[in-house]
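[1] Dropping the sequence and predicted coords here.
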2 protein chains.
Amino acid sequence: MDNTLAMVEGEGRQRILAAAEKLFSAKAFDAVSMNAIACEAGISKANIYHYFPNKDTLYLAVLRVASHNLRAVLNEAVSAHGSVLDVLRHFARNHLQALLNRPQLVRLVWREILERGAPRAQEFAEQGFADMFSALVDVLKLGQSRGEFRQDFDPALVATLLLGANVFFFQSRDILRHYPPITFADDPAGYDAGIVEILLRGLVPASS
Amino acid sequence: MDNTLAMVEGEGRQRILAAAEKLFSAKAFDAVSMNAIACEAGISKANIYHYFPNKDTLYLAVLRVASHNLRAVLNEAVSAHGSVLDVLRHFARNHLQALLNRPQLVRLVWREILERGAPRAQEFAEQGFADMFSALVDVLKLGQSRGEFRQDFDPALVATLLLGANVFFFQSRDILRHYPPITFADDPAGYDAGIVEILLRGLVPASS
DNA sequence: GTCTATATGATGATAGAC
DNA sequence: GTCTATCATCATATAGAC
C-alpha cells in the first residue's frame, strides 16, 4: 500500500501545528492571530479551518503535543542509575538543563498552569508534575530506607523544593542575571550543585 | 482652597485604574478590551481616552501602581526583629502569606516577568526582586558572621532557593493540591516551616 | 486540499456635542 | 468631564470555486 497520500495529508496538519506551537509559545492565546499562524505555516488562513474547527481546538491540539513532548524530554533527562546521591545530583542538573533546552515547550505548558481564568487543559500540565514528583519522591524515599537520609523529613516537600528551585531559576533567569550578588545565573549546573549541596548538608554547622 | 474638585478629578482616573488592575490581573493584555475596562469602571470607553492616551499607557500605569503596592506589602511582611533563626522563619512564612494574600498583584507582576516577548516594564518586577533578595541575603550573611550558619555557602543561592520555593508554591498550589503525596498544599505555614527546617539541618544525618 | 472572496462582529481609537 | 456616534482595522469564521 502506498502511504504517500497519508503523509501528504498529514503534512498540512503538521505544518499548522508547528507554526501554532511556535507562536503560542512566544505569545499568549489572544495575542496570536489565525492570520499569523497561517502566514508562519505558509498557507492560507481559511485552510487552517479545514483541519481545525476553531482556534480553541487548534490551541488544545498544540498543547497536547507540546505537553507530551515535554514529558518525554523531562523523563528521559532524569532517568539515571547509581548511588542515591548521584541520582539526586543527576536529577537536579538534568531536569534544569532539559527545561533550558526546550524553553518554548516549558513556557507553553507553564502559561496554561498560571492562567487559571480559562481552564483549557490543566490535565496535561498535571501529568508532567506527577512524573517529576513521583520520580523524585522515589529517589528520596530510597535514600531514607537506606539510611543515607534522615527519616524525619517529608520527601514530597523536598521534591517540591528542588523542582521549584529549577522552575524558579528557569523563569527568573533574566532577572537573576541583572542582580549583582547573583553569580550563578549563567551556570545552571553550578546552581544545582549548590542547591543539592545545601539540601544535603544544611545551613547549620554539624553540632559537636 | 477647595480640594473637592481635585478629588473628583482624580476619582475618574482611580476608577479606571482599579477596573483595569482587576481585569489585567485576571487575563493577559490582549485578552482585556478597553470596552471591558470601561464597563467594569462604570464609564464610557471614550472617557478612558480622556485620561490615558492609549491602552499601553494605561497598562503601564496599572503595572506601576501594582508593583509599588506589592513591594510595600512584601517589604512590610518580611520586616522583623529577633534572632537570625526567628527572622528567617518569619521571613519565609510571611513572604509566602503576603503572596497568597495579594494573588492579583502577584499574577499581574509575574506575567510581566514571564512574557518576555513584549518588554513593557521589567524594571518594576526587578525592583521587587532586589528588595526581597537583599533583605534575605542580609539575614543569611548576618547568620554567617555570627557563626550560626556555615561559611561555605552562597547567601544569594540560598535566597534564590527560599524565594523560589515560595513563588513555586504560590504558582503551583492548585496542582500540588491534586497530587496525593503532597499534604501541605493548604498549609503554607507548615510548608515554609518544613522548608526552613530542611534548609537548616540538611537531608543527611549529622555524621559521627 | 487549497484557494479567493466575503460575512459578521469586535477592536482600539477619534470627533464633536453637551 | 462625560457622553454618543463613528472611524478604519482586523479578528474569527464560512461559502464556494478550482
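    Nice, I can see it. Numbering: from 1, shown residues only, chains lettered A, B, ... in the order given.
[2] For A:Gly190, list the residues it contacts.
    Contacts for A:Gly190 (CB atoms under 8 Å, 6 or more residues apart in numbering or on different chains) come out as A:Phe184. The C-beta positions use only the backbone N, C-alpha and C, and glycine is treated the same way.
[3] Can you list the neighbours in contact with the helix or strand of chain A with the lowest mean pLDDT?
    Lowest by mean pLDDT, DSSP states H and E among the helices and strands of chain A is helix A:4-26, with a mean of 80. Applying CB under 8 Å, 6+ apart, the contact partners of helix A:4-26 are A:32, A:36-38, A:40-43, A:47-48, A:50-52, A:58-59, A:61-63, A:65-66, A:104-105, A:107-108, B:117.
[4] which of those residues come close to DNA strand C?
    Checking the contacts of helix A:4-26 against DNA strand C by CB under 7 Å from any atom of the strand, the ones in range are A:Ile43, A:Asn47, A:His50.
[5] Just to check, the second one is in contact with A:Ala38?
    Yes: with contacts counted by CB atoms under 8 Å, A:Asn47 reaches A:Ala38, the gap being 6.9 Å.
[6] So which of these two has more stuff around it?
    Neighbours per residue, other CB atoms under 10 Å in any protein chain shown: of A:Asn47 and A:Ala38, the larger number sits with A:Ala38, 19 against 13.
[7] before we move on, which element is the more buried one in?
    helix A:34-41 (DSSP states H and E).
[8] same thing with A:Pro205?
    A:Pro205 belongs to no helix or strand, assigned by DSSP H and E.
[9] Just want the phi and psi numbers for it.
    phi -60, psi 150 (degrees, to the nearest 10).
[10] Quick one: residues contacting the closest residue to A:Arg173 other than its chain neighbours.
    Distance criterion CB to CB, 6 or more residues apart in numbering or on different chains; nearest residue to A:Arg173, sequence neighbours excluded, is A:Ala185 at 5.9 Å. Listed by CB under 8 Å, 6+ apart, the contact set of A:Ala185 reads A:Arg173, A:Leu176, A:Arg177.
[11] Mark out where each domain of chain A begins and ends.
    A:1-52, A:55-201 (automatic domain parsing).
[12] show me where pLDDT drops low in chain A?
    A:1-9, A:116-121, A:207-208 (pLDDT under 70).
[13] which residues in it form helices?
    Taking DSSP state H as the test, the helices found in chain A are A:4-26, A:34-41, A:45-51, A:55-78, A:84-101, A:103-114, A:122-145, A:155-177, A:188-201.
[14] Just name the most buried of those.
    Mean neighbours per residue, mean count of other CB atoms under 10 Å in any protein chain shown, is largest over these for helix A:155-177, with a mean of 21.
[15] tell me which strands and helices that one is in contact with?
    helix A:84-101, helix A:103-114, helix A:122-145, helix A:188-201, helix B:103-114, helix B:122-145, helix B:155-177, helix B:188-201 (3 or more CB pairs under 8 Å, 6 or more residues apart in numbering or on different chains; DSSP states H and E).
[16] Among the ones next to DNA strand C among the contacts of helix A:4-26, which one lies nearest to B:Pro155?
    A:Ile43 (53.9 Å; CB to CB).
[17] For A:Leu58, see how far away that closest one is.
    13 Å (CB to CB, to the nearest Å).
[18] just checking, A:Ala206 touches B:Ala206?
    Yes: the pair A:Ala206 / B:Ala206 is scored as a contact, 4.9 Å apart, by CB under 8 Å.
[19] Not counting its neighbours along the chain, what's nearest A:Arg81?
    Just so we're on the same page, residue A:81 is His rather than Arg. A:Val87 (7.3 Å).
[20] That neighbour and A:Arg71, how far apart?
    19 Å.
[21] How about A:Phe52?
    A:Phe52 is 23 Å from A:Arg71, by CB to CB.
[22] One more: A:Gly128?
    Distance of A:Gly128 to A:Arg71, given as CB to CB: 5 Å.
[23] And for A:Leu199?
    A:Leu199 is 25 Å from A:Arg71, by CB to CB.
[24] can you check A:Phe24 too?
    On the measure of CB to CB, A:Phe24 and A:Arg71 end up 18 Å apart.
[25] Could you do A:Glu197 as well?
    Distance from A:Glu197 to A:Arg71, by CB to CB: 29 Å.
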